[in-house]
Each structure stands twice: as C-alpha cells, then as structure tokens.
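1. how would this look folded up:
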Amino acid sequence: MHDCCSSPSGTAVVPPRKCLCPVCGGEGAGVSMQTILHHIKRGWQWAARKQGYYFCEDPACAVVYFGEDGSLIARDEVRGSVGIKEHSPAAPVCYCFGVTRADALSDPAIREYVVDKTRGGLCSCSIRNPSGRCCLKDFPAMAIEYNP
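-> Below is the predicted model:
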C-alpha cells in the first residue's frame, strides 16, 4: 500500500511555504514551531504535530497561526499583541527593539536605527515577531494603516 504523504527512503516531507487560512482564505506564510512556542500562552499544552504551520496576517481574521491539518491558534491564545492585526498607535511594528506604530510615524529615523541594528545581526525577528519574518517588512504597511 502506498502512502502519498510518506517520504521515500526516509527523507523528510517539506511542507509548502504558503498555505490558505482555513478561516479567512488568505494566504499564510510558513512559520517555525519555535516562533509559535514563543508566542502562545501555554506552550506546554500545545499539541504540535510534524506538519507545516502558517501565520495569518489578515487583520480581520481572529486566527494567528494554523496548521496544514486545519488546527488553529487564535489571537486570544497568544501572549502579546500581534501588531499587523491591531489598529492602535501602540501596536508593535518592531518586536526586537520595542517600536510601536506611533513611534515609527513620529520619527522616521527609527526605521534607519532598526535597519542598522538588523544589518549588524542584532535582531531576533524569527522568534520575537509573531510572523517569524523581519520586522522591517511591516514598517511601511503598518505606518500607512494608522492615521492619528
């Protein structure tokens, strides 16, 4: 009997880099289990499986993370604010250096500070940012969304 999901010769199956959120249908980018464990409230209770996990960045969707199997982790299950899903001036833009949306809008030099520190290898975006990606990607989009 052949299992279409098993890997030949013991090699690992690599999950897709992107997957559709089962709630909103938006495309989610892959995120590591390590990132999820650093953001969920009770990591010791999470039943992680060997599968791909994804970050849903749709601000209107209550889902933060989802698995290939349709498992969900909602906003109320994560420890902190997910800036891309928040509309407040206090929403984080850069998790590594504590920059809020209001900070980024009030002082354009902050972005250059973050760029400099990131180039110097002093950031931890892959863990500190709930999306698992570089915080700099969120600067322009988040700044545009906020109108004081």
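2. Please, where are all the helices along this protein?
-> Along the chain, counting by DSSP state H, helices occupy 33-39, 101-106, 109-119, 125-128, 138-145.
3. Of the ones you listed, which is nearest residue 80?
-> Among the helices of the chain, helix 33-39 comes nearest to residue 80, with 7.0 Å by CB to CB. (Glycine included, C-beta is placed from N, CA and C.)
4. May I see the buried residues of that closest one?
-> Using 16 or more other CB atoms under 10 Å as the test for burial, helix 33-39 gives 35, 36, 38, 39.
5. Return the mean pLDDT over it, rounded to an integer.
-> Mean pLDDT, computed over helix 33-39, is 96.
6. which residues sit against it?
-> The contact list for helix 33-39, computed with CB atoms under 8 Å, 6 or more residues apart in numbering, reads 43, 46, 48, 53, 64-65, 73, 78-80, 126-132.
7. okay, now the domains of this protein?
-> 8-77, 83-145 (automatic domain parsing).
8. Please identify the most buried of those domains.
-> Compared across the domains of the chain, domain 83-145 shows the largest average neighbour count, a mean of 17 (mean count of other CB atoms under 10 Å).
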